[in-house]
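Trainee: 3D model of this:
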Amino acid sequence: MKEKRVFFCSACGNETARWQGQCPACGAWNTLTEAPAAPKAAVAARPVRRAMPKRLRELDASEEVRFSTGVRELDRVLGGGAVRGSIVLFGGAPGIGKSTLLLQACGRMQGNEKILYVTGEESEHQLRMRAERLGVDRDEVYVLAGTDINDVIAAIEELGPDIVIMDSIQTVYDPSLNTAPGSVGQVKQCAMEIMQLAKSTGFTAFVVGHVNKEGAIAGPKVLEHMVDCVLIFEGDGSHTYRILRAEKNRFGSTNEIGVFEMVREGLREVPNPSEVLLAGRPVGVPGTCVACVMEGTRPILAEVQALVTPTGFSSPRRTSNGFDYNRLYLLLAVLEKRGGMNVNSCDAYMNVVGGLNLDEPAADLAACLAIASSFRDTPLPDKLSAVGEVGLTGEIRSVQAIDQRLAEIARLGFAQCVVPSRTRGELKAPAGLELIYVKTLREAVEKTL
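Mentor: Now for the predicted structure:
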């Protein structure tokens, strides 16, 4: 008998009988993959209903129970610590440090938490060698090297752990499904079983997920909807710094970030990212300016570098690293029209030092001043920073939390800061910091260069 084949959408998990260019459910293009159809199970008798509906006012209103993971930067991103009975999905590029961070957390957790580490990608010997290198030696850490979801569930029911780490969800499979591990059906089924078990017994699950070439979590999109928190580890192999962000968090904010540095002993926390990102900043060099952005409740100073040179081609080149490419085009157009600079006939390159991605409009003014400094080949003052959004008419607009930004700028020893003029009278300059008020981009260039 010929095996029946169906097509699954890798974005939403929708099943269709034939291949199509566009998924009829979610509208994604080129996401249908062929796989064997799961066998239909025999129709069983309807189970006895156990859960009964309750009135809204009768539900338990007690706050969620949090505990510290032992890693302060991870606790910050999670919203103050992990929540009992929650599921956290870790995503990131291969080798970025997902398994390293979770294994380090196993060794740093305080109390008597019983931890079950399920490894489907490493052997017991490999995991032991990595634990020794990271200095993890905790009695209440149990390791299960296996990929069968039935073995994992049996180990959880027998051991009764407080924390379960699955590395990774794409390697675990359910033998009742005739599909390969990592397929849409397998990922959905295994994640659903872990979620139901976690919610019923109260343990916290940390699940590692692979990413595709676009940087999104591999597998069906429904996986991200099922979990309580989605954390993404960002970084570049050429940089030692890693940034942990929350794309979804049911128990906290998604604006906080955690900063780590990859060293020989594993991941080291960076409690003060501004000092690290500004270390080694050149002095008296054109094309550099310091911006202050807010990552959640934390102000971070970053160095924005720009290089503007006359082009040798009919179409000038534009390249940006750590800064939005389309935003760079917009700022160059404003400088050309409102700033009186002929930058459209020049190649423009922009880079944010340290691998940080600046996606906040508050960095616009610093980026424009860096471009203007490189265009005029005149350095900005070494102790100058800039905060403000640039509009299409060349006006400088105010940004949120400017008091916190100025306090961080003054703490790191800066003497001057360019700010929007509309904040005059509303701000109290920190001790030792001079505020330069500007209305337009042209005025900002004239007062600083």
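
Trainee: Going by C-alpha atoms from here, please, whenever you check contacts or count neighbours.
Mentor: Will do.

Trainee: Check which helices and strands the lowest-mean-pLDDT helix or strand in the chain is in contact with.
Mentor: In the chain, the helix or strand scored least confidently by mean pLDDT, DSSP states H and E is strand 32-36, which has a mean of 76. With contacts taken as 3 or more C-alpha pairs under 8 Å, 6 or more residues apart in numbering; DSSP states H and E, strand 32-36 sits against strand 5-9.

Trainee: give me the number of residues near Leu356?
Mentor: 21 (other C-alpha atoms under 10 Å).

Trainee: In space, what's closest to it - neighbours in sequence excluded?
Mentor: Nearest non-adjacent residue to Leu356, counting by C-alpha to C-alpha, 6 or more residues apart in numbering: Gly322, 5.8 Å away.

Trainee: measure Met129 to Ser10 for me?
Mentor: 35 Å (C-alpha to C-alpha, to the nearest Å).

Trainee: Between those two, tell me which one has more neighbours.
Mentor: Ser10 (22 against 11).

Trainee: Surely the more buried one and Thr31 touch.
Mentor: Yes - if you go by C-alpha atoms under 8 Å, Ser10 and Thr31 touch, sitting 5.4 Å apart.

Trainee: per-residue pLDDT, Gly92?
Mentor: pLDDT, Gly92: 86.

Trainee: Identify the bridge partners of it.
Mentor: On the basis of DSSP bridges, Gly92 is bridged to Phe233.

Trainee: That one touches Arg242, doesn't it?
Mentor: No - contact criterion C-alpha under 8 Å: Gly92 and Arg242 do not qualify, at 10.4 Å.

Trainee: about what we covered before: give me the sheet partners of the least confident helix or strand of the chain and which way each runs.
Mentor: Partners of strand 32-36 in its sheet, by DSSP bridges: strand 5-9 (antiparallel).

Trainee: Tell me which residues of the partner strand come out buried.
Mentor: For strand 5-9, the neighbour count (16 or more other C-alpha atoms under 10 Å) marks Val6, Phe7, Phe8, Cys9 as buried.

Trainee: what residues are up against the second one?
Mentor: For Phe7, the residues meeting the contact criterion (C-alpha atoms under 8 Å, 6 or more residues apart in numbering) are Glu15, Thr16, Ala17, Arg18, Trp19, Leu32, Thr33, Glu34, Ala35.

Trainee: can you pull up the bridge partners for it?
Mentor: Thr16, Glu34.

Trainee: What residues of stretch 57-72 count as buried?
Mentor: For stretch 57-72, by 16+ other C-alpha under 10 Å, it's Arg66, Phe67, Ser68, Thr69, Gly70, Val71, Arg72.

Trainee: where along the stretch 1-150 of the chain do the strands fall?
Mentor: 5-9, 15-16, 32-36, 66-67, 82-83, 87-92, 115-119, 141-145 (DSSP state E, counting those that start in this stretch).

Trainee: Quick one: closest of those to Val227.
Mentor: With C-alpha to C-alpha as the measure, strand 87-92 is the member of the strands of the stretch 1-150 of the chain nearest Val227 (5.2 Å).

Trainee: Against which helices or strands is that closest one packed?
Mentor: With contacts taken as 3+ C-alpha pairs under 8 Å, 6+ apart, strand 87-92 sits against helix 98-108, strand 204-209, strand 229-235.

Trainee: of Gly92 and Arg242, who's got more company?
Mentor: Comparing Gly92 with Arg242 by other C-alpha under 10 Å, the one with more neighbours is Arg242, at 25 against 22.

Trainee: Against Gln400, how distant is Lys383?
Mentor: For Lys383 relative to Gln400 (C-alpha to C-alpha), the value is 23 Å.

Trainee: which neighbours do Gly92 and Arg242 share?
Mentor: By C-alpha under 8 Å, 6+ apart, the residues touching both Gly92 and Arg242 are Phe233, Glu234.

Trainee: Low-confidence bits of the stretch 1-150 of the chain, can you list those?
Mentor: Within the stretch 1-150 of the chain, the stretches with pLDDT under 70 are 1-3, 11-13, 37-51, 61-63.

Trainee: at 50 instead, please
Mentor: For the stretch 1-150 of the chain, applying pLDDT under 50 flags the ranges 1, 41-46, 48.

Trainee: what's the helix or strand for Lys188?
Mentor: Per DSSP states H and E: Lys188 is located in helix 184-201.

Trainee: With distance to Gly209 added, can I get the strands of the stretch 1-150 of the chain in JSON lines?
Mentor: Output for the strands of the stretch 1-150 of the chain, formatted as JSON lines (distance: least, C-alpha to C-alpha, whole Å):
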{"stretch": "strand 5-9", "distance to Gly209": "18"}
{"stretch": "strand 15-16", "distance to Gly209": "22"}
{"stretch": "strand 32-36", "distance to Gly209": "19"}
{"stretch": "strand 66-67", "distance to Gly209": "23"}
{"stretch": "strand 82-83", "distance to Gly209": "18"}
{"stretch": "strand 87-92", "distance to Gly209": "5"}
{"stretch": "strand 115-119", "distance to Gly209": "12"}
{"stretch": "strand 141-145", "distance to Gly209": "17"}
